[in-house]
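Visitor: Could you look at this predicted model? Sequence included:
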Amino acid sequence: MAAVQSSAERPVLAVDLGGTQIRAALITPDLAVHCRRAVPTHDEEGVEAVLARIFGLAAAVRDDAVAEGLPAPAGVGISSPGPLDPWRGVVVAPPNLAGWTNVPIVARVGEALDMPTFLERDTNVAVMCEWRYGAARGARNAIYITVSTGVGGGVIIDGRPLLGADGTAGEVGHITIELDGPRCGCGGIGHVEAIASGTAIARDARAMLADAVDSPLARLAASGEVVDAALVARAAAGGDRACVALLERAFVAIGALCGSLVNLLDPEVIVIGGSIAEHQPRLFEIVRSELERRAFPILLDRVRIEPATLGGDVSLIGALPIVNDRIGDPTYETGSHRPPTAAPQQGATRP
Ligand SMILES: [Zn+2]
């Protein structure tokens, strides 16, 4: 099996760049998170201000680690929203980082900290983490899906992360499941994220409130509560049948997604995490029953549907394989070009 922890793993300095906050920590090969620090991102202050906060935060973690006598990190692993180019180390244009267009974050952080630095999409960092150390450990083919404000994911195929030609492969939340469905945050139509994400659930709940005369949801909303997926879940638990139906439809969409992914990729395991999945065991029941309806019967015996096991720290702990696997790999050296698109393999045939 390919998914074994390398004995050569060294500690890494993990940076998790998010739309709301930047987190950093030293991660040791025993998966412990040391010297944890966080600051608000404040992307509205501009790219340079955010970069300066990343430099300061990472340097502070490194100093804390020295003060605590911890081993020195081998490099920096940055988790960021995509799209991004993991080979050149460039954040391309994430919707939730205002003003970030083609930012060479690896070159900038590497220079500021004088350490080898690597970049990967947050959901790919998460799938690497669950694959190496969590619910997908030991699998050669695994899929990770996060269900929270958005729907994201990552894919491991034949023991390697699936990156695609531009490094953006694995965006399972942007697969169309309704031909004329609602508009997605990405601009597409009928994507899973436009139906099953927390954002979509909140949108549909607000539309229901515009019509409804009285309901548990309407009473909660009238008391000043923010109408989000968590409130819909509370109303559903309180007997609001429209909210139950809204959540079930979202979970069926995740089930349909999983059915398509099983038929397309034949994985051994699909790991589902994110704040909605964490709090909704019903999601797993529905996904399993939808798989029975939608996936090739021969694949059902093999594929496992598992809750994520490493929680909110996947984007920090996942920096361990990102740095250790890529250090010394020339395709990830800053300034190098991405691998050329594979030429047709003349004469190469599968047995
Ligand atoms: Zn989309």
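Guide: That came in fine, so what should we check first?
Visitor: just the strands in the stretch 1-150 of the chain please.
Guide: For the stretch 1-150 of the chain, the strands defined by DSSP state E, counting those that start in this stretch occupy 12-17, 21-27, 33-40, 76-80, 84-85, 90-91, 117-121, 142-147.
Visitor: Out of those, which gets nearest to I298?
Guide: Of all the strands of the stretch 1-150 of the chain, it is strand 142-147 that lies closest to I298, at 17.9 Å by Cβ to Cβ. For the C-beta atoms, the positions are set from N, CA and C on the backbone; glycine is no exception.
Visitor: What strands flank whatever helix or strand comes next after that closest one, and is each parallel or antiparallel?
Guide: Next helix or strand after strand 142-147 toward the C-terminus (DSSP states H and E): strand 151-157. Using DSSP bridges, the strands paired with strand 151-157 are strand 142-147 (antiparallel), strand 160-161 (antiparallel).
Visitor: Okay, angle between strand 151-157 and strand 117-121 too, please.
Guide: For strand 151-157 against strand 117-121, the angle by axes from the mean of the first three to the mean of the last three Cα atoms, to 10 degrees is 110 degrees.
Visitor: where does the stretch 201-350 of the chain dip in pLDDT?
Guide: 212, 334-350 (pLDDT under 70).
Visitor: Spell out which helix or strand contains the residue sitting furthest away from the middle of the chain, please.
Guide: Going by Cα atoms, centre = their mean, the residue of the chain most distant from its centre is V213, 38.3 Å out. Under the criterion DSSP H and E, no helix or strand holds V213.
Visitor: so which of the strands of the stretch 1-150 of the chain comes closest to A98?
Guide: strand 90-91 (12.2 Å).
Visitor: Distance from the closest one to the middle of the chain?
Guide: Computed by Cα atoms, centre = their mean, to the nearest Å, the chain-centroid distance of strand 90-91 equals 16 Å.
Visitor: Then stretch 194-206?
Guide: Relative to its chain's centre, stretch 194-206 lies at 19 Å (Cα atoms, centre = their mean).
Visitor: Stretch 148-168 too?
Guide: Here stretch 148-168 shows a centroid-to-chain-centroid distance of 9 Å under the convention Cα atoms, centre = their mean.
Visitor: One more: stretch 209-227?
Guide: 31 Å.
Visitor: Highest mean neighbour count out of the strands paired with strand 151-157?
Guide: When the strands paired with strand 151-157 are scored by mean count of other Cβ atoms under 10 Å, the highest mean neighbour count falls to strand 142-147 (a mean of 30).
Visitor: Give me the residues contacting that one.
Guide: 123, 126-127, 130-131, 136, 151-156, 172-173, 196-198, 254, 257-258, 261, 265, 267-277, 283, 308 (Cβ atoms under 8 Å, 6 or more residues apart in numbering).
Visitor: got the CA positions of it in PDB?
Guide: Only the C-alpha atoms of strand 142-147 are listed here, as PDB (Å, rounded to 0.1, in the frame of the first residue of the first chain):
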ATOM      1  CA  ALA A 142     -10.000   8.100  -1.700                       C
ATOM      2  CA  ILE A 143     -12.200  11.100  -1.900                       C
ATOM      3  CA  TYR A 144     -12.700  13.800   0.700                       C
ATOM      4  CA  ILE A 145     -15.800  16.000   0.700                       C
ATOM      5  CA  THR A 146     -16.300  19.000   3.100                       C
ATOM      6  CA  VAL A 147     -19.800  20.200   3.600                       C
END
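Visitor: ok now it, how far from the chain's centre?
Guide: 8 Å.
Visitor: cool, stretch 238-246 as well?
Guide: Averaging C-alpha positions (Cα atoms, centre = their mean) puts stretch 238-246 28 Å from its chain's average.
Visitor: Could you pull out the buried residues of it?
Guide: Across stretch 238-246, burial judged by 16 or more other Cβ atoms under 10 Å covers D240, A242, C243, V244, L246.
Visitor: next one: stretch 165-185
Guide: Result for stretch 165-185 [16+ other Cβ under 10 Å]: buried residues 167-175, 177, 181, 184-185.
Visitor: Low-confidence stretches in the stretch 1-150 of the chain?
Guide: Applying pLDDT under 70 to the stretch 1-150 of the chain flags residues 1-8.
Visitor: Kindly export stretch 151-170 (C-alpha atoms) in PDB.
Guide: Taking C-alpha atoms only, stretch 151-170 is exported to PDB below (Å, rounded to 0.1, in the frame of the first residue of the first chain):
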ATOM      1  CA  VAL A 151     -18.900  22.100  -0.600                       C
ATOM      2  CA  GLY A 152     -15.300  21.300  -1.400                       C
ATOM      3  CA  GLY A 153     -13.200  18.300  -1.900                       C
ATOM      4  CA  GLY A 154     -10.000  16.500  -2.900                       C
ATOM      5  CA  VAL A 155      -9.200  13.200  -4.600                       C
ATOM      6  CA  ILE A 156      -6.500  10.600  -4.200                       C
ATOM      7  CA  ILE A 157      -6.100   8.300  -7.200                       C
ATOM      8  CA  ASP A 158      -3.700   5.300  -7.400                       C
ATOM      9  CA  GLY A 159      -2.000   6.600  -4.300                       C
ATOM     10  CA  ARG A 160      -1.400  10.100  -5.500                       C
ATOM     11  CA  PRO A 161      -3.300  13.400  -5.100                       C
ATOM     12  CA  LEU A 162      -5.200  14.300  -8.300                       C
ATOM     13  CA  LEU A 163      -4.100  17.800  -9.300                       C
ATOM     14  CA  GLY A 164      -5.100  18.200 -13.000                       C
ATOM     15  CA  ALA A 165      -3.500  20.300 -15.600                       C
ATOM     16  CA  ASP A 166      -3.900  23.500 -13.600                       C
ATOM     17  CA  GLY A 167      -3.800  22.200 -10.100                       C
ATOM     18  CA  THR A 168      -7.600  22.700  -9.600                       C
ATOM     19  CA  ALA A 169      -8.800  19.100  -9.900                       C
ATOM     20  CA  GLY A 170     -11.100  17.700  -7.300                       C
END
